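Participant: sequence and predicted structure, then a few things I'm wondering about:
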Amino acid sequence: MIKITSLIVDKIAQLAKIPVDEKEKDKLAKGFNETLEVVDELFKIDVSQVEPTYQTTGLKNVFREDKIEKEKMLSQEQVLSQAKNTHNCYFVTKRRLSSFEDSL
Amino acid sequence: MKLNKLNLKQTLKLLEKKEISLEELYDDIFQAIEEKNKELNIYLYVNKKALEQAKKMINFPLKGVPVAVKDNFLTIDMPTTASSKVLENYYPQYESTVTKRLISSGGVIIGKTNMDAWAHGSSTETSDFGTTKNPRNSVYSPGGSSGGSAAAVAANMAIASLGTETAGSIRQPASWCGVVGLKPTYGRVSRYGVIAMGSSLDCPGPITKTVEDAAILLKYIAGKDENDSTTSSLPVKDYLKFLNKSIKGFKIGICYFDLPQLKDSQVNQSIKKAAEVFKSLGVQVDYLQTSEKLEQNKVISPKYAIGVYTVVQRGEVSSNLARYDGIRYGKGREFFGAEAKRRVMLGIFGLSSFLKKEELVYKRAQRVRTLYIKNFKQLFKKYDVLISLTSPSYALKIGSSASSPMFGELQDMLAEPSSLAGICGISVPCHHDKKTNLYLGLNIMGDYFQEEKILQVAHVFEKSIVL
């Protein structure tokens, strides 16, 4: 199908936003190859007449009332209680965009 | 007799008749925890206020009995970690529906049990807080991922417990610890507030000392939950009513006995032993051949299920674990253990456009999944229940998972087709090896929302089998 290169591992790590070191990369590449093997099995059985499964117990379009339920709401204090870094009732995150100076 | 050794039904009866007190019960439970928890590593957290809470519950149906809860159910006032460092010291802001129902029925959470981190594994060895040991023989693994919950029951550190299963995670540890584990139909029990792994597969369920205890607990935790749109609105049955009905005239199909991995193995003898028990009860027993494709009166080989499960479950894992960003709660993604990292990344790999043959692999996997569903639906037209071994082996020694990256897949092979289809199943002890003190479990699978039938068959079997 495809050959696993360290470039693919890097790309996937980036998508997963998980830091991986060189040693882990080899292990992951091996895991990817094993995945390829089990995936190959899936193409050895005829499913041309079979629809994909969307939901196992046959539910379709489950709706609920669009109403505010006070007992389900969390207070601002509760919402922020587990965050390590908050400021004026906001979560603080790392900068996502590079600064103007960086782009020069 | 130590009161922690009582099963749920006995405990409720003795409390009702006031022959025992909650103080006496909790004394024995806490003593067992104190004596053995350090060695066995079953509880990550013990609720010191349990007795105090129990006393307020004496007039409720579950009368304040101590129930162990897997550490992936969100619990207010108790830390919830899913055995991952990412959630170390995390205190949830809301309660899972299942634990809420347990508590409002009079159950008390005695503690939170160890598991494979994020429920990724079949041994508890991927827990960031150390492995749990099997109380039957501590050189061995309890299985997993609900290993702590199964071990808590086997070690009499709780009267009953709650686990969750994605594919095998209730039934396999129940099998390895010699207790009963029930995986209900997908959607019979709410997933709200359970740390998500594979959302199209996950299902909470009871782990207990007897089949009857599983029936008691299921009744209180099952049912429609508007916070989980995949729960069924079918009414919850009074499961206890079915237990003492005869199964004479039932038809049972035996699955997977002819797999190459099992064919000549010693463990396969116990399936024959089970078949004889059922025959003596007036049940028609058929051995169903395994087939490479969908055929009438045959079972599709679980070998394709491994591929379906790998793509679907890991794909769902990669999505469900995306929320752990360390911003709102918990720690950052660099704290994921090796197995979680691997699953998230393999999940993304499986969903990616890198992986394309005739069509996207994920879509292909969902088509093959449909085949398993069709296969079970056909078989349940003819058979009341299907049976197989729960696990292809007795409990393995601690450390076995490290040597094989596909350890979980082989372990869960027998449970995967039924989990992918979403049908219900229960593991009940069917053989005891006196030399090692380890058990094998029989997996009794039933059609969608027919928990009463598998409980009925399991109950009769439990009473008839000589272990």
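Facilitator: Right, received. Where do you want to start? Residues are numbered from 1 along each chain as shown, chains lettered A, B, ... in the order given.
Participant: and the residue of the stretch 101-250 of chain B nearest chain A?
Facilitator: B:Ser229 (4.1 Å; Cβ to the nearest Cβ). Yep, even glycine has a C-beta here, placed from its N, CA and C like the rest.
Participant: give me the pLDDT for that residue.
Facilitator: The model reports B:Ser229 with a pLDDT of 96.
Participant: burial count for it?
Facilitator: By the criterion of other Cβ atoms under 10 Å in any protein chain shown, B:Ser229 has 14 neighbours.
Participant: for it, give me phi and psi.
Facilitator: phi -70, psi -10 (degrees, to the nearest 10).
Participant: show me the contacts for it.
Facilitator: A:59, A:62, A:64 (Cβ atoms under 8 Å, 6 or more residues apart in numbering or on different chains).
Participant: could I get the buried residue list for the longest helix along chain B?
Facilitator: What stands out as the longest helix in chain B, according to DSSP state H, is helix B:361-382. Residues B:361-362, B:364-373, B:375-376, B:379-380 are the ones in helix B:361-382 that count as buried (16 or more other Cβ atoms under 10 Å in any protein chain shown).
Participant: list just the nearest of the residues you listed to A:Tyr90.
Facilitator: Nearest to A:Tyr90 among these: B:Tyr362, at 36.8 Å, using Cβ to Cβ.
Participant: the closest one reaches B:Leu351, doesn't it?
Facilitator: Yes. Shown here, B:Tyr362 and B:Leu351 form a contact pair, counting by Cβ atoms under 8 Å, at 5.5 Å.
Participant: so what's in contact with those two at the same time?
Facilitator: With Cβ under 8 Å, 6+ apart, B:Tyr362 and B:Leu351 have common neighbours B:311, B:315.
Participant: can you show me the CA trace of stretch B:120-138 as CSV?
Facilitator: This file holds the C-alpha atoms of stretch B:120-138, laid out as CSV (Å, rounded to 0.1, in the frame of the first residue of the first chain):
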residue,chain,number,x,y,z
HIS,B,120,-6.2,1.2,26.5
GLY,B,121,-5.1,-2.4,27.3
SER,B,122,-6.1,-5.7,28.7
SER,B,123,-3.9,-6.1,31.8
THR,B,124,-3.9,-2.8,33.8
GLU,B,125,-0.2,-2.7,32.9
THR,B,126,-0.5,0.5,30.9
SER,B,127,-1.7,2.3,34.0
ASP,B,128,0.5,5.3,34.9
PHE,B,129,0.1,4.3,38.5
GLY,B,130,1.4,0.7,38.4
THR,B,131,-0.2,-2.6,37.5
THR,B,132,-2.9,-4.3,39.6
LYS,B,133,-2.2,-7.9,40.7
ASN,B,134,-4.7,-10.7,40.4
PRO,B,135,-6.1,-11.5,43.9
ARG,B,136,-6.4,-15.2,43.0
ASN,B,137,-2.7,-15.4,42.4
SER,B,138,-0.6,-12.3,42.6
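Participant: list the contacts for B:Gly332?
Facilitator: Counting by Cβ under 8 Å, 6+ apart, B:Gly332 has contacts B:86, B:325-326.
Participant: near chain A too, which of the residues you listed?
Facilitator: Restricting the contacts of B:Gly332 to those within reach of chain A (Cβ under 8 Å from any Cβ of the partner chain) leaves B:Gly326.
Participant: what are the phi and psi values for residue 33?
Facilitator: In the absence of a named chain, this looks at chain A. The phi/psi pair for A:Asn33 (degrees, to the nearest 10) is phi -70, psi -40.
Participant: how deep is residue 50 tucked in, by neighbour count?
Facilitator: With no chain named, the answer covers chain A. Other residues close to A:Val50 by other Cβ under 10 Å number 17.
Participant: wrong one, chain B
Facilitator: The number of residues near B:Ala50, taken as other Cβ under 10 Å, comes to 20.
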